[in-house]
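Enquirer: could you work out the structure for the sequence below:
(2 chains)
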Amino acid sequence: MLKPITLHQAGSQVTEELRACIGCNECLLACPALTEPITIDVLNMQTFSEPISSPVARFARSCYQCGACVDPCPVGLHRDAMMMWLKVRLLRSGQGK
Amino acid sequence: MQSYSSVVARTQDQRYQGSADIVIVGNGIAGLTAAVEARRLAPDMRIVMITEQCHPTINTPALKQFATGKLEREQLLAYPVGTERSQRIQVLHGRVEEINAQSKYVCLQGGGYIGYGVLLLATGSTANGLPENLPGRDFDGVLTLHRLQNYLDLRRRLNEVDEVAVVGGGLHAIETVTSLLHMGIQTHWFIRRKTCLSRVMDQRASAVVMKHIEKAGARIHCETEVVGIVGSVGTVAGVVTTYNQLISCQLVLVCTGTRPVTTLAEHCTLPMMYERDRGIFVNNQLRTSVPGIYAAGDVAAINNPQTGVHEIRAQWYAAVVQGCSAAAIMTGQHPSTVPPFGVPWHATRIGELAMLTVGNPLGRAEGSITLADSNKGTYRRLSLLDDRLIGYISLGTARSDGLAIKRLIDEGHSIRALKEPLLKGTFDGRKYFSQQHSTTVIAMTTGGNTSPLHSLYHSPAAPGTMVESMLVALPSSSAGSQSRKLLSYDRKRGH
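Expert: Numbering: from 1, shown residues only, chains lettered A, B, ... in the order given. Here you go, the predicted structure:
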């Protein structure tokens, strides 16, 4: 049976979650794919509106959606959904490969 | 309307420092968010932000992680370095002393003044601290935790202390106690009342929190106040309690709440509605009672849709959302584009314990009922009015999707089928709303109508054209079946 599911949250929900991010960095500390010093302020900005820089693009490509970032969030946000949104932005901008 | 002669007179005045379309007082998260968002919406407007702070906007909720060494200073920045410059936001370091609301300018300390088209007050809050007459409050080692400087001070000291006293019964105190325990520091926690978090939690929830913190190693002193601080050669040596106990410690950390900085409401040439402890009163578009002046963040008292009372929401998310909304209104966007603020919510983590409060969990609305479930150190409480959720408390190791639960309340969803997962902490907001959203998308594509749900949450910042749901094959066993077994929860009518 075919069931509709959401592969990533709606843009408006991702915006809401970005607004609720308190910048504690716990998600990045838990991430096994992060190999460069990317700060949460830069990641948040580029997830939604700013041009995507090379380090953030590399990070988005290397994210394999393991979900390790979700549980440590003290505010209960879905960084995995934000990363998926970033990945889609990356693809749309032609930097996905 | 200003006369030509007054404008000429102003521009010839040496103290006149120009004017801006938007002047923002305060560079906290509400102020800078408003400035950045206003720039996005109005590329040509002149934006000036005036601040007394000697540092850029920081993530204040992350200050405890900074104090305990988990974060470096650079990681505290709320926006990337140079944002103000890249966004052409002029930052003035100074203090605004008065607002001339008739002629639309603000007076700066030292005699200068700046004209404004619209003015946003984002002056934040100040810490209550200890009583003025408390003996020993001036000893070195008594720190009121509120600003970056306080946490810089704390960070330098933490490696040299064995015992710390924390004063206060709110979330700020709890998070401080937890951070200290995480560092292996012996911590005494002083609470004036019998329970902690008495404004947002019932006694059972409070007991769960306190038991958790006690288990982590804190010495909790309930119904106990610090009546004096003992020193040794100018530094803290201990505290004296209401029970005449002397408890040894090298640091006293004061977390006794905050109050809004309403000074500019007092120093405005037109009467502005405010109360010193309750903030500057604003409507749903963040307008104060004075034309052309708005307020956002910890200083703004907004209407709680559930209680009808104007109150401050001194929380990060609320400040960000208010900053965005203020920018939209100040740049002339139609008020309908500004989503309502809805009910308050707050989420945090206390060690392994995830804590969430949404809406009005302790409310006593007529006809409301309360459902509660507690088991092995977890606790959840639902306040319901008919089939609608009006308040929610969750404590447990599993985190809850707070924003999704807030949305259930804001949009008035029937939770008839969701009571059990909400009580058990298994409510999957993502799944629930994806199903809702899929329905919306189908309705939009087949009927051409945008549902109220979509328009309420649609953000102009969203790319918007993305296909958000796909059809994929799922095994029938995972098709969202919910257990229907009966729960043994307390049910109290009228509470």
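Enquirer: for the residue in the stretch 251-400 of chain B that chain A sits nearest to, name its beta-bridge partners.
Expert: Residue nearest to chain A within the stretch 251-400 of chain B (CB to the nearest CB): residue B:349, separated by 3.7 Å. Backbone N, C-alpha and C define where each C-beta goes, glycine included. Beta bridges link residue B:349 to residue B:354, judged by DSSP bridges.
Enquirer: contact partners for it?
Expert: By CB atoms under 8 Å, 6 or more residues apart in numbering or on different chains, the contact set of residue B:349 is A:74, B:355, B:399.
Enquirer: wait, isn't the first one in contact with residue A:22?
Expert: To tie it back to what came earlier, the one meant is residue A:74. Yes. Between residue A:74 and residue A:22 there is a contact under CB atoms under 8 Å: 7.2 Å.
Enquirer: more neighbours, those two?
Expert: Neighbour count, other CB atoms under 10 Å in any protein chain shown: between residue A:74 and residue A:22, residue A:22 has more, with 24 against 20.
Enquirer: measure that one to chain B for me?
Expert: 4 Å (CB to the nearest CB, to the nearest Å).
Enquirer: pLDDT score assigned to that residue?
Expert: Per-residue pLDDT puts residue A:22 at 94.
Enquirer: what helix or strand is it on?
Expert: According to DSSP states H and E, residue A:22 maps onto no helix or strand at all.
Enquirer: where do the helices of the stretch 151-300 of chain B begin and end?
Expert: Assigned by DSSP state H, counting those that start in this stretch, the stretch 151-300 of chain B shows helices spanning B:171-182, B:203-215, B:263-266.
Enquirer: run the chain-centre distance for stretch B:50-65.
Expert: Offset of stretch B:50-65 from its chain centre (CA atoms, centre = their mean, to the nearest Å): 14 Å.
Enquirer: in that stretch, what counts as buried?
Expert: Within stretch B:50-65, the residues scored as buried using 16 or more other CB atoms under 10 Å in any protein chain shown are B:50-51, B:53, B:56-65.
Enquirer: near chain A too, which of those residues?
Expert: Subset of the buried residues of stretch B:50-65 in contact with chain A: B:59, B:61, B:62, B:65, counting by CB under 8 Å from any CB of the partner chain.
Enquirer: number of residues surrounding residue A:94?
Expert: Neighbourhood size, residue A:94 [other CB under 10 Å]: 7.
Enquirer: now the end-to-end length of stretch A:63-77.
Expert: Across stretch A:63-77, the terminal residues are separated by 17 Å (CA to CA, to the nearest Å).
Enquirer: err, stretch B:356-374, not the other one
Expert: First-to-last residue span, stretch B:356-374, CA to CA: 15 Å.
Enquirer: also stretch B:59-76?
Expert: Distance across stretch B:59-76, first residue to last, is 5 Å (CA to CA).
Enquirer: go on, stretch B:74-85?
Expert: Stretch B:74-85 has an end-to-end distance of 17 Å (CA to CA).
Enquirer: if we go by neighbour counts, what in it is buried?
Expert: Neighbour-count burial for stretch B:74-85, counted by 16+ other CB under 10 Å, picks out B:75, B:76, B:77, B:78, B:79, B:80, B:83, B:84.
Enquirer: closest one of the residues you listed to residue B:163?
Expert: residue B:76 (27.4 Å; CB to CB).
Enquirer: wait, what's in contact with the closest one?
Expert: Residues counted as contacts of residue B:76 (CB under 8 Å, 6+ apart) are A:23, B:58, B:59, B:62, B:63, B:66, B:148.
Enquirer: beta partners of the second one?
Expert: With DSSP bridges applied, residue B:58 shows beta-bridge pairing to residue B:77.
Enquirer: that one against residue B:79, yeah?
Expert: No. Using CB under 8 Å, residue B:58 makes no contact with residue B:79, being 9.6 Å away.
Enquirer: just the pLDDT for residue B:10.
Expert: As predicted, residue B:10 sits at a pLDDT of 59.
Enquirer: likewise for the one 10 residues further on?
Expert: As summarised for this prediction, residue B:20 has a pLDDT of 96.
Enquirer: any idea how far residue B:167 is from chain A?
Expert: Using CB to the nearest CB, we find residue B:167 at a distance of 23 Å from chain A.
Enquirer: okay, and the beta partners of that residue?
Expert: The partner residues for residue B:167, given DSSP bridges, come to residue B:190, residue B:254.
Enquirer: which residues does residue B:199 contact?
Expert: Contacts for residue B:199 (CB under 8 Å, 6+ apart) come out as B:170, B:362.
Enquirer: show me where the stretch 101-250 of chain B has strands.
Expert: For the stretch 101-250 of chain B, the strands defined by DSSP state E, counting those that start in this stretch cover B:105-108, B:113-121, B:125-127, B:142-144, B:163-167, B:186-190, B:219-221, B:226-232, B:235-241, B:246-248.
Enquirer: what do you get for chain A?
Expert: A:2-6 (DSSP state E).
Enquirer: how far is the longest helix belonging to it from where the chain is centred?
Expert: Assignment by DSSP state H gives helix A:79-92 as the longest helix of chain A. A distance of 6 Å separates the centroid of the chain from that of helix A:79-92, by CA atoms, centre = their mean.
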